[in-house]
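> just coords:
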Ligand SMILES: CC[C@H](O)CC(=O)C(=O)O
Ligand SMILES: [Mn+2]
């Protein structure tokens, strides 16, 4: 079996849970620990990828290039990766990230829109970077559509194509079916990224591995959007019991989680009613905090906003709809009172 390679996403996906307030010191300390534990890849960026620091997505406390630079300085084993959503991040952002030492880029699109990744993947390849096509909200596409879009990513030069369960909405049989179909249709590596909103992140990740995924995401202490991702140290322990080699030092990951990451988290990671609603309704995990703020502002139940967003199939890039939906629901409530 090809060795499984884990990408740690707490310094990118976890940026959502940290309201994009990471400091250089926090990034240095976490990277130091991940590097010592021999995690192959560490993703660092705003939660919405390069260029994500905006009023729409949330302003970063620290310029992400400074965070990436700090991570590159601390990592002599781990490779630093960045995420880029075409339309939010630009080719210029990509070149800048590469110049300061990013070795891998994950170009993320909605699951039916792989074609917008072409120029970013091609540019990254020309720069000599490792390339990943990251198909978000994979639960929304039937198997044949996912395969079609993954093939596009492969044709643009992606070394790996991920099925991304952005909403943490997929059930184990869906993961098995989708990963198997990708494995059968593609020659490049297959990856899987989970969110734990339905409590299935580790189980779904194991289903993905069983059906051929060799690139897997995790976040230490589950520091990711919504209820977080597959918790890296838990995943490493489970895989060790299954005799699947990750190359990661379990004790070092546990110590990092407990001593460095837990103390800086804004809240303990758990499946709250809103995280659970994300998975139940199939809504982007990064929408949780936006929906909670809108609910407070309009004095309505955040779960109603999330359910409505799910019904309308609102996807990443449409964050402004969260406030629109909240305002509409508040108005409806007034009419019916
Ligand atoms: C908004 C980008 C998103 O957080 C990427 C990701 O991790 C996902 O879709 O799960
Ligand atoms: Mn994610």
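Received it, and whenever you're ready, just let me know what you need. Keep in mind that this is a model prediction, so the values were computed, not measured. Numbering: from 1, shown residues only. Ligands and ions are numbered 1, 2, ... in the order given.
> And the top helix by length along the chain, what's buried?
The residue-count maximum for a helix in the chain (DSSP state H) belongs to helix 320-336. Neighbour-count burial for helix 320-336, counted by 16 or more other CB atoms under 10 Å, picks out 321, 322, 323, 325, 326, 329, 330. Every C-beta, even on glycine, is put in place using the N, C-alpha and C of the backbone.
> Closest to ligand 1 out of the residues you listed?
Using CB to the nearest ligand atom, residue 322 is the member of the buried residues of helix 320-336 that sits closest to ligand 1, with 13.1 Å.
> Residue 81 contacts residue 49, doesn't it?
No - in this structure residue 81 lies outside contact range of residue 49 using CB atoms under 8 Å: 11.0 Å.
> where does this structure have low pLDDT?
Residue ranges of the chain with pLDDT under 70: 1-2, 337.
> related to what we said a few turns ago, tell me which of the buried residues of helix 320-336 is nearest to residue 249?
Checking those against residue 249 with CB to CB, the nearest one is residue 322 at 40.2 Å.
> show me the residues around that closest one that make contact.
Contact criterion CB atoms under 8 Å, 6 or more residues apart in numbering gives 287, 290, 291, 294, 305, 309, 314 as the residues in contact with residue 322.
> Would you pull up how far the longest helix of the chain lies from the middle of the chain?
Using CA atoms, centre = their mean, to the nearest Å, the mean C-alpha position of helix 320-336 is found 29 Å from that of the whole chain.
> Can you report how many residues neighbour residue 71?
A total of 29 residues lie near residue 71 under the criterion other CB atoms under 10 Å.
> if I look at it, how far off is residue 87?
Computed with CB to CB, to the nearest Å, the distance linking residue 71 and residue 87 is 25 Å.
> Kindly report the same for residue 154.
Residue 154 is 21 Å from residue 87, where distance means CB to CB.
> same question, residue 222
Between residue 222 and residue 87 the computed distance is 28 Å (CB to CB).
> When those two are compared, which one has more neighbours?
For residue 222 versus residue 87, the count of surrounding residues by other CB under 10 Å is larger for residue 222: 30 against 13.
> so what's the closest residue to that one other than its chain neighbours up against?
Spatial nearest neighbour of residue 222, excluding adjacent residues (CB to CB, 6 or more residues apart in numbering): residue 228 at 3.0 Å. Neighbouring residues of residue 228 by CB under 8 Å, 6+ apart: 13, 14, 17, 195, 196, 201, 219, 221, 222, 269.
> go on, residue 314?
283, 284, 287, 321, 322, 325.
> cutoff 7 Å now
Residues in contact with residue 314, defined by CB atoms under 7 Å, 6 or more residues apart in numbering, are residue 321.
> Work out for me the element it sits within.
Assigned by DSSP states H and E, residue 314 falls within no helix or strand.
> For residue 115, see how far away it is.
Distance of residue 314 to residue 115, computed by CB to CB: 21 Å.
> how's the protein carved up into domains?
5-264, 286-336 (automatic domain parsing).
> Quick check: phi and psi at whichever residue of the chain sits closest to ligand 1.
When you check the chain against ligand 1 by CB to the nearest ligand atom, the closest residue turns out to be residue 166, at 3.1 Å. When quoted as degrees, to the nearest 10, the phi and psi of residue 166 stand at phi -60, psi -30.
> Could you report the separation of it from residue 117?
Distance from residue 166 to residue 117, counting by CB to CB: 16 Å.
> More neighbours: which of those two?
Between residue 166 and residue 117, counting by other CB under 10 Å, residue 166 is the more crowded of the two (31 against 28).
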